[in-house]
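K.L.:
3D, please:
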Amino acid sequence: MNERQHASLDRTFSQADFDRFARLSGDANPIHVDPGFAQRSRFGRPVAHGMLLLTVLRGLLERLAPGGRVVEQQVMFPAPTFTGEAMRFAASVSGRSPGASTIELAVRRLADGQITCRGSCRVET
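P.N.:
Below is the predicted model:
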């Protein structure tokens, strides 16, 4: 297990990022890929796929636990992540046991500090 305790990454998504992820994942829900549709929604504009956010967080997990296997994960999306907003993705080790770590996850909007995704996972090595 890597001794590193924290990893973070700042990222700003574009509509093109949402569109590419929709093509890759097969999730073309218009709330993600149709600005006209999304404008009429309660969000007022397209929102990120939850799995897109988790994919970025999974990359951070690899820095903390190289080759680790996620065996349990709990996440919530308390606020939307929009295009054009700088976000900070963070993963921090909160506990270790032989062969496993518990890692806290968060995605935070840099402009106002709003958390848009948070959770934890258990990673076995």
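K.L.:
thought Gln114 was touching Ala79?
P.N.:
Yes. Counting by C-beta atoms under 8 Å, Gln114 touches Ala79, with 5.1 Å between them. Just so you know, the C-beta spots here come from the backbone N, C-alpha and C atoms, and that holds for glycine as well.
K.L.:
Check the secondary structure at the closest residue to Ser41 other than its chain neighbours for me.
P.N.:
Leaving out its chain neighbours, the residue that sits closest to Ser41 by C-beta to C-beta, 6 or more residues apart in numbering is Ile31, at 5.9 Å. Classification of Ile31 by DSSP: H, G, I helix; E, B strand; the rest coil places it in helix.
K.L.:
count of neighbours near Arg118?
P.N.:
Each residue near Arg118 was counted by other C-beta atoms under 10 Å, and the total is 17.
K.L.:
tell me which element it is part of?
P.N.:
Using DSSP states H and E, the element containing Arg118 is strand 115-124.
K.L.:
That's all I had, so thanks and see you.
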